[in-house]
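Trainee: no sequence on this one, just coordinates:
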RNA sequence: GCCGGCGUAGUUCAAUGGUAGAACGGGGGACUCAUAAGCCUCAAAAAAUGGUUCAAUUCCAUUCGUCGGCACCA
């Protein structure tokens, strides 16, 4: 029986174009998914789009569009990232407007309801007529909207369904205690632990259909639709075919150590709300939540259009290629802290590591091989890669990248110190031995690169199999 | 305000109770298999004050700075 592994990104909310944060999350999850496959796991890799809720409802209306058409357009752009970023093509792409997902979410609701964790109560919301929006306390100063301080905040009473989040405090704390690696990195684990320790409040999980119709109908109550978070989180299991497909669910959710990759803004939803929801439905919790930091502009300044320091994935791929972007978010960006990104930084890393480092090394070794070896070397893939894969298994993608580039440097240094290109002129046999040893090492580099830069890894393997130097450099240096 | 993290070369990061390491970037040099790449080499750092200690960048305290969390933002 082969081992199974499940990994998912969060589903981007489709109220704007894909940005660098999405790209980073998609790429990193892809790296882990690919690396598990290489370790012979049967992998289920999920991503998709979150398409319900007030915001989309409002924005579609503002754009004068039918909501479905509005979200269709965006969903297509996000689905386009799969190809753009060279993600593994068998990734599952779920949309929360998919019929099956909607039914699945309703079933999930019914389970929570049946188990006694959903109830109805009057819900007071603070509403700013100026914004035409519901406001939270943190958005108010002196009980007035920050944007419209001259208008009184209206209190609106409405009946909503509530989820008994408060009932799960102890179970969540137990979960965290018995699974110290449940949330990665540890400081995020502490954060969520402290949040839960402070006490949990039940939250509203429905909206009045008369006010906001863009949602999944609440089972048995046509006047309400399911609050977008409650619906969206269920995608992590609906994508597996839950509840009908018991076999898949068993294989990937119960036995696939489900991992959820997300940004730091998602900590609470992924590691507390969703876990409580699963418990309420009588299902098993996720295995691990991995929390990325945010990408910022240079100098740690928040990216913004007005500062003109935004970077978008399309431009980067167009100018440097998908692999340069994959390299950057894996090797140059901190795994868990906020990190800067800019075209300039990408440019520097491209030249230093891809052109001067990897690309140049491939050229110099394969030139020696082509000129001096009579035939391609025989490769036996049996060296131990466990040290490398262990890094990836712990989501230390950056350290894994570092390990590869250390080997690249070591090979450059070896060539410099031992000069096989000279040796081969005086002692052919010895020179050929040195060169073929280098080719073997290069092949190992390609194997390690496989999950990070899949296309380049494949190119290198082909060059080695044909014993050819690349016709065009792998990564042409850019000025 | 409360809680937590951080403050090390130009930049991004590392290690350490006893001469502070790396990568990128910058200066210089010898070579040539290679993408004017690679290699060698040089310059370059511990926010401030006080304490513990034979000895502190490392432990403690305070100050300053900075970042994050403090619930419906999908």
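Mentor: Arrived safely, thanks for sending. The model shown is predicted, which means the values in this text are computed figures rather than measured ones.
Trainee: what sits up against stretch A:202-217?
Mentor: With contact meaning Cβ atoms under 8 Å, 6 or more residues apart in numbering, stretch A:202-217 is reached by A:52-54, A:56-57, A:60, A:67, A:102, A:105-106, A:109, A:118, A:123, A:158-166, A:218, A:221-231, A:273. Just so you know, the C-beta spots here come from the backbone N, C-alpha and C atoms, and that holds for glycine as well.
Trainee: pull out the buried residues from the residues you listed.
Mentor: Neighbour counting with 16 or more other Cβ atoms under 10 Å marks A:52-54, A:56-57, A:60, A:67, A:102, A:105-106, A:109, A:118, A:123, A:160-165, A:218, A:224-231, A:273 as buried within those.
Trainee: flag the shaky bits of the stretch 1-150 of chain A, pLDDT-wise.
Mentor: Residues of the stretch 1-150 of chain A that meet the criterion pLDDT under 70 lie in A:1, A:127-150.
Trainee: what about the helix or strand containing residue A:224, near RNA strand B?
Mentor: Using DSSP states H and E, residue A:224 sits within strand A:221-226. No. In terms of Cβ under 7 Å from any atom of the strand, no part of strand A:221-226 sits within range of RNA strand B; the closest distance is 10.3 Å.
Trainee: can you give the distance of that strand from its chain's centre?
Mentor: The chain centre lies 32 Å from the centre of strand A:221-226; the measure is Cα atoms, centre = their mean, to the nearest Å.
Trainee: gap between residue A:364 and residue A:304?
Mentor: The spacing between residue A:364 and residue A:304, counted by Cβ to Cβ, to the nearest Å, is 43 Å.
Trainee: more neighbours: which of those two?
Mentor: Taking neighbours as other Cβ atoms under 10 Å, residue A:364 and residue A:304 compare with residue A:364 leading, 17 against 10.
Trainee: helix or strand right after the host helix or strand of the more buried one?
Mentor: Using DSSP H and E, residue A:364 sits within helix A:360-372. Note on helix A:360-372: by DSSP H and E, the next helix or strand toward the C-terminus is helix A:386-393.
Trainee: which strands and helices lie in contact with that next one?
Mentor: Packing contacts for helix A:386-393, counted by 3 or more Cβ pairs under 8 Å, 6 or more residues apart in numbering; DSSP states H and E, involve helix A:20-38, helix A:397-418.
Trainee: among these, which is nearest RNA strand B?
Mentor: helix A:397-418 (3.5 Å; Cβ to the nearest atom of the strand).
Trainee: can you pull the buried residues of the closest one?
Mentor: The neighbour-count check on helix A:397-418 (16+ other Cβ under 10 Å) flags A:397-398, A:400-401, A:404-405, A:407-408, A:411-412, A:415 as buried.
Trainee: compute the inter-axis angle for it and helix A:360-372.
Mentor: Using axes from the mean of the first three to the mean of the last three Cα atoms, to 10 degrees, the inter-axis angle of helix A:397-418 relative to helix A:360-372 is 40 degrees.
Trainee: packing partners of helix A:397-418?
Mentor: Where contact means 3+ Cβ pairs under 8 Å, 6+ apart, helix A:397-418 is packed against helix A:20-38, helix A:360-372, helix A:386-393, helix A:428-449.
Trainee: cutoff 10 Å now
Mentor: Applying 3 or more Cβ pairs under 10 Å, 6 or more residues apart in numbering; DSSP states H and E, we find helix A:397-418 packed against helix A:20-38, helix A:322-327, helix A:360-372, helix A:386-393, helix A:428-449.
Trainee: chain center to the longest one: distance?
Mentor: Relative to the centre of its chain, helix A:428-449 is centred 35 Å away, using Cα atoms, centre = their mean.
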